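Colleague: task: produce atomic coordinates for the following.
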Amino acid sequence: MSFLSSIPPIVDHGLAIDRFRDEDASSLVDLFRTIYGDAYPCPDVYDPDYLAGANRQGTICSYVCRDQTGRVAAHLALVRSAPFAGAMEVAQGLVHPTYRGAGLLSRLMDLVIEEAGRSHDCETLFATPVCNHVMSQRSLASAGFTDAAFEIDYTPARLFAKEGASRGRVATLFAFRTLKPSPDLDMHLPRAYAPVITDLFRQAGTPRRFVHPHTDLPLPTTSVAEVADVPTLDLTKITVARAGRDLADRVLAVERQARSSDRAVVQVLVDMGTPTVDAAVEMLRAAGYWFGGVLPRYLNADALLMQKTLSTPNFEEVKVYAPAARTLLQVVQGDWFRANVSVLITAPRDRTRAMAPPHRTADNGQLHA
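Modeller: Presented below is the predicted three-dimensional model:
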């Protein structure tokens, strides 16, 4: 069945919430331009034909709120962006400035979650709200999502230049909601972060079969890993399916290339379905990488996020909504500090990096705006 098959629209005060139709494409492009100018990192969203075609194919499943004139006033989509086909991203949340505060994003969120389980055979949902405001985080928390990772400095400031919403690079949170529990899914734990990870999953009520590491596990000679360069975000990402004895050298080679290409961040995702997780983490820690959190079911298995910013991270502008996210951010900041101290001692090449001790993110009124 086509994604565009009709469902009864929700109509309230002249605003209609419905699935995307081909005729919405042009005004959806206008909405992207209103919010982001020409800076959205996926330029395809400025092509009406692309938006219509992607919705027909099901790679993007858009839901819109139309105003009285039929123009798109708000938008939220399910996007197939993860390696695991059973995971879908809740993304591209847009609300025209005229309608902000009207609860449109929450209404769209309810519909998206219902449709994900009913129409798309989805096992887990995830979202990556930006951390220069808390509106999206608050909507996700109300919809039952759990914060599981911080991607520090993930988004360039230029994306927010039109609205002047950030002075520096912007972090994102990785939030997830399980639709089909996976109690038999193995999660191989790294010693360094095992307590944080197990507490996170237990508090979320997300079942896993935790497997503690064997420190004498022999490693293969060669790692299995893929590298993706994302110039629109100034980011390089390494996905490690299996760590080998060459992992540290391979990661440092990728990092050197990232520096020469003026990338701002290197992320490493480690497949937690394999027993080489602990060894991978220890090699990454020794190379100056630090903890970000866990991306549940992102690879079918869970993925452990390790990261390195290639300049001082913009922790100062990170805003968080949920208390558990504040606690997780303290862990991330503390591990960044640990990594910088370690790098200063063991790797003189990084002596130029500015360093400051971790601190609590200010709990001001903006956190609850």
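Colleague: check what pLDDT residue 350 gets.
Modeller: Looking at residue 350, its pLDDT stands at 41.
Colleague: please read the previous query as pertaining to residue 6.
Modeller: So residue 6 comes in at 48 (pLDDT).
Colleague: same question for residue 95.
Modeller: 93.
Colleague: excluding covalently adjacent residues, which one is nearest to it?
Modeller: residue 74 (4.5 Å; CB to CB, 6 or more residues apart in numbering). C-betas here are computed from N, CA, C, even on glycine.
Colleague: that neighbour touches residue 108, doesn't it?
Modeller: Yes: using CB atoms under 8 Å, residue 74 is in contact with residue 108, at 6.2 Å.
Colleague: quickly list what's touching both of the two.
Modeller: 64, 65 (CB atoms under 8 Å, 6 or more residues apart in numbering).
Colleague: before we move on, the earlier item: check contacts around the residue nearest to residue 95.
Modeller: Here residue 74 is in contact with 31, 64, 65, 94, 95, 96, 99, 104, 105, 108 (CB under 8 Å, 6+ apart).
Colleague: one more time with 6 Å, if that's ok
Modeller: Residue 74 sits next to 65, 95, 104 when contact means CB atoms under 6 Å, 6 or more residues apart in numbering.
Colleague: max-length helix in this protein?
Modeller: helix 323-346 (DSSP state H).
Colleague: just the endpoints, please. Distance across stretch 131-151?
Modeller: Length of stretch 131-151, first residue to last, CA to CA, to the nearest Å: 10 Å.
Colleague: list the contacts of that stretch.
Modeller: Stretch 131-151 is contacted by residues 93, 105-106, 109, 127, 129, 165-166, 170-177, 204, 292-295, 305, 318-319, 321-322, 325, 329, 332, 367 when judged by CB under 6 Å, 6+ apart.
Colleague: do stretch 257-267 as well
Modeller: Under CB under 6 Å, 6+ apart, the answer for stretch 257-267 is 153, 234, 235, 236, 237, 255, 307, 308, 309, 310.
Colleague: let me know the closest of these to residue 198.
Modeller: Nearest to residue 198 among those is residue 307, at 20.8 Å by CB to CB.
Colleague: partner strands of the host helix or strand of that closest one and their direction?
Modeller: Following DSSP states H and E, one finds residue 307 within strand 301-309. Paired neighbours of strand 301-309 in the sheet (DSSP bridges): strand 265-271 (antiparallel), strand 290-299 (antiparallel).
Colleague: so which of the contacts of residue 74 wins on neighbours?
Modeller: Among these, residue 65 has the most neighbours (other CB atoms under 10 Å), with 27 neighbours.
Colleague: do I have it right that that residue meets residue 14?
Modeller: No: under the criterion of CB atoms under 6 Å, residue 65 makes no contact with residue 14, lying 10.6 Å away.
Colleague: can you give me the mean pLDDT across the longest helix of the chain?
Modeller: 86.
Colleague: next: stretch 230-237.
Modeller: 96.
Colleague: show residues contacting that stretch.
Modeller: 41, 156, 228, 229, 258, 263, 264, 265, 266, 267.
Colleague: what's the neighbour count on residue 196?
Modeller: For residue 196, the tally of surrounding residues (other CB under 10 Å) stands at 18.
Colleague: what about it, which helix or strand?
Modeller: helix 194-204.
Colleague: would you mind extracting the C-alpha trace of that helix into CSV?
Modeller: Extracted C-alpha coordinates of helix 194-204, given in CSV (Å, rounded to 0.1, in the frame of the first residue of the first chain):
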residue,chain,number,x,y,z
ALA,A,194,29.1,-0.4,32.2
PRO,A,195,27.4,1.1,35.3
VAL,A,196,26.2,4.2,33.3
ILE,A,197,24.8,2.1,30.5
THR,A,198,23.1,-0.5,32.6
ASP,A,199,21.5,2.2,34.8
LEU,A,200,20.2,4.0,31.7
PHE,A,201,18.5,1.0,30.2
ARG,A,202,17.1,-0.2,33.5
GLN,A,203,15.6,3.2,34.3
ALA,A,204,14.1,3.4,30.8
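Colleague: what angle separates it from strand 290-299?
Modeller: Helix 194-204 runs at 50 degrees relative to strand 290-299, counting by axes from the mean of the first three to the mean of the last three CA atoms, to 10 degrees.
Colleague: need the next SSE after helix 194-204, C-terminal direction.
Modeller: Moving toward the C-terminus from helix 194-204, the next helix or strand (DSSP H and E) is strand 209-211.
Colleague: so for that following strand, what's the average pLDDT?
Modeller: 97.
Colleague: can you list the neighbours in contact with that strand?
Modeller: By CB under 6 Å, 6+ apart, strand 209-211 touches 186, 187, 188, 189, 198.
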